[in-house]
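Engineer: Structure, please.
(one chain, ligands or ions: 1)
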Amino acid sequence: MSGSEEHTLLAVRVRRRTQLADDIIGLELGALDGAPLPAWAAGAHIDVELPNGLLRQYSLCGDSAHTGRYEIGILRDPASRGGSASAHDDIHEGGEVRIGAPRNLFGLRSAQRSLLFAGGIGITPILAMAQELTRSGADFRLHYASRTPSRTAFIDRINASAFADRVQFHFDDGAAAQRFDAVAAIGAPDPATHLYVCGPRGYMDHVIATARSLGWRDDNIHFEYFAAALAEGEVAGDGHFEIRLAGRDLVVPVPPGTTAAQALIANGVPVPLSCEQGICGTCVMRVLEGVPEHRDLFLSDTDKAANDRFTPCCSRARSASLLIDF
Ligand code: FES
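Structural biologist: Numbering: from 1, shown residues only. Below you'll find the model as predicted:
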């Protein structure tokens, strides 16, 4: 997909709005004419155009076997600059919103066994995974950590599900014996087991770092950061810099409020894009000179320290210019 293309958005009906937990609403979306929606698999997310015009990504959390509706959960994030607040305040049952087609950067691998880790609202893609794994008869366990039961979405649905006995809840304010112990939950590495984690950044970093310290290979660790894990508005207030392309007599100015990828594309330089949030790595470019300001979640800390690659969809420059290998 080219970044110069707009995602096509489809108007859908908000068929149901429910309060899933404190500060978490659930929306059930269906086609205006009742027709089936595009198929999806667990781990997929959709773009949702919020009433204030912002585009936000939400994981699909229903059962992927139901093509008649999409379900999403939205946490009201006090740190948000209007994204989740707009959804909570201005999306109503019976109304319309526009959404993009499902995209999946977090799909299930075929594995003998899966370990699912959800922190807070990160349950949304993980719940879809649990349903899909149950349907296929696969072996899995789900660890679901949250602050307190009243802030935990889908407790009743999980407890009533066919996979309830595979789920362990961990509440921060619960008894010590049930608290989340990442070492015990993850256990020794096993090449036939794949681990999936989604949730707040601190939780995810903890699970991923623990798995690595236990000897798990990166190939068996899968994760999806929420856009909210990238501080909203991080691209605001950013300064001007320029990009030079090695071997080409072209200097591309990147003004504040424009991403490097947008500036390159506007100047006829193709940039492959997918997530446009610094998550997937599709856009990574080699940096020959200059110091990037890394704002992605794709490159490792070691990669970032090397400063020889950057993600133009979201990262910028600390130096006045970057020389890019093109
Ligand atoms: Fe996904 Fe840039 S497009 S990291």
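
Engineer: Thought residue 314 was touching residue 293, still the case?
Structural biologist: No. Counting by CB atoms under 8 Å, residue 293 does not reach residue 314; the two are 9.9 Å apart. The way it works is simple: take the backbone N, C-alpha and C, and place the C-beta from them, glycine included.

Engineer: looking at the chain, which residue ends up farthest from its center?
Structural biologist: The outermost residue of the chain, judged against the average C-alpha position, is residue 249 (37.3 Å), by CA atoms, centre = their mean.

Engineer: which ones are touching it?
Structural biologist: Not one residue lies near residue 249 by CB atoms under 8 Å, 6 or more residues apart in numbering.

Engineer: Would you mind measuring from it to residue 223?
Structural biologist: Look at residue 249 and residue 223: by CB to CB, to the nearest Å, they are 41 Å apart.

Engineer: now do residue 255
Structural biologist: 33 Å.

Engineer: More neighbours: which of those two?
Structural biologist: residue 223 (19 against 12; other CB atoms under 10 Å).

Engineer: Mind listing the residues bridging to that one?
Structural biologist: Beta-bridge pairing of residue 223 under DSSP bridges involves residue 197.

Engineer: burial measure for the residue of the stretch 101-250 of the chain found nearest the ligand, as a count.
Structural biologist: Across the stretch 101-250 of the chain, the shortest distance to the ligand (CB to the nearest ligand atom) belongs to residue 105, at 8.1 Å. For residue 105, the count of nearby residues is 17 (other CB under 10 Å).

Engineer: Confirm for me that it is in contact with residue 274.
Structural biologist: Yes. Counting by CB under 8 Å, residue 274 is a contact partner of residue 105 at 7.2 Å.

Engineer: can you list residues touching both of those two?
Structural biologist: residue 280.

Engineer: just to revisit the earlier point, tell me which of residue 293 and residue 314 has more neighbours.
Structural biologist: Here residue 293 and residue 314 are compared on neighbour count by other CB under 10 Å; more neighbours surround residue 314, at 24 against 18.

Engineer: what residues does stretch 16-27 touch?
Structural biologist: 14, 28, 61, 71-76, 87-88, 91-93, 97, 121, 150-155.

Engineer: Would it be right to say that residue 210 lies in a strand?
Structural biologist: No. With DSSP: H, G, I helix; E, B strand; the rest coil as the criterion, residue 210 is assigned helix and is not in a strand.

Engineer: and residue 313, how many neighbours?
Structural biologist: By other CB under 10 Å, 27 other residues sit near residue 313.

Engineer: shift numbering so it begins at 441
Structural biologist: In the new numbering, first residue 441, that becomes residue 753.
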